[in-house]
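Peer 1: Take this sequence and fold it.
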Amino acid sequence: MTEEIKAVSYCVGMSVAGSLMQQDLEGISPEVMAQAITDIFAGKKTEYSPETANTIIEEFLKKSGEAKFSLNKETGEKFLAENKLKEGVHTTTSGLQYEILTEGIGAKPSSSDTVSVHYHGTLIDGVIFDSSIQRGQPATFGVHQVIPGWTEALQLMATGAKYRLYIPQELAYGAQPHPGGPIKPYSALIFDVELLEIN
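Peer 2: Residues are numbered from 1 along each chain as shown. The predicted structure is shown next:
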């Protein structure tokens, strides 16, 4: 092995390890991983098909994510359990909770419509993560192109309505929120949403 190949190999290992740690895969065995790399480079039959391998990785990430962020899930569930008992809070069969701040008088959108809205999104502790109101620019998107809690809520709202939404994690981003942002896995979310118009 030349010094160049040795250096490149080490650098590739650094890159792969860094990527794996960012994906919460730091608990895996480097020795077993090296065996898989050796088998593939040698053209040997691997122990698992690519499809099975992907399933195994996904299941592992799901379990480790649930364990790591279980407190987020528990905190959100406790908050929603208490919140649904408050006067004025409605709960749908899916678990979505909402308050009607202002009744609308126009038409209600369907899942195939495009709408313009103003919104203000916070975590249950009040931390703001996104707000069209702060930007001073309404957002326009398809009713079916947003998180499930929004898709359901928008179809309950008449044009001109303003609702406060309390969205369980499974109707929000679940285990895979936006990377690098304040929304952690399994976070319940709160949105004030005003339906401006159906486009």
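Peer 1: Tell me the bridge partners for the residue nearest to residue 132 when sequence neighbours are not counted.
Peer 2: With CB to CB, 6 or more residues apart in numbering as the criterion, residue 132 has its nearest non-adjacent residue at 4.8 Å, and that residue is residue 139. Any C-beta I mention is one placed from the backbone N, CA and C, and that applies to glycine too. On the basis of DSSP bridges, residue 139 is bridged to residue 117.
Peer 1: Show me the helices in the chain, by range?
Peer 2: For the chain, the helices defined by DSSP state H cover 3-22, 30-41, 50-68, 70-83, 132-135, 148-154.
Peer 1: okay, those helices in CSV with distance to residue 112 and mean pLDDT next?
Peer 2: Listed next are the helices of the chain as CSV, based on distance: least, CB to CB, whole Å; pLDDT from 0 to 100:
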stretch, distance to residue 112, mean pLDDT
helix 3-22, 37, 87
helix 30-41, 45, 89
helix 50-68, 31, 83
helix 70-83, 29, 93
helix 132-135, 22, 93
helix 148-154, 11, 97
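Peer 1: Out of these, the one nearest residue 105 is which?
Peer 2: Nearest of the helices of the chain to residue 105, taken as CB to CB: helix 148-154 at 16.0 Å.
Peer 1: what helices or strands is that closest one leaning on?
Peer 2: Helices and strands touching helix 148-154, as assessed by 3 or more CB pairs under 8 Å, 6 or more residues apart in numbering; DSSP states H and E, comprise strand 162-167, strand 189-198.
Peer 1: strand partners of the shortest one, parallel vs antiparallel please.
Peer 2: Strand pairing for strand 162-167, using DSSP bridges, gives strand 97-102 (antiparallel), strand 189-198 (antiparallel).
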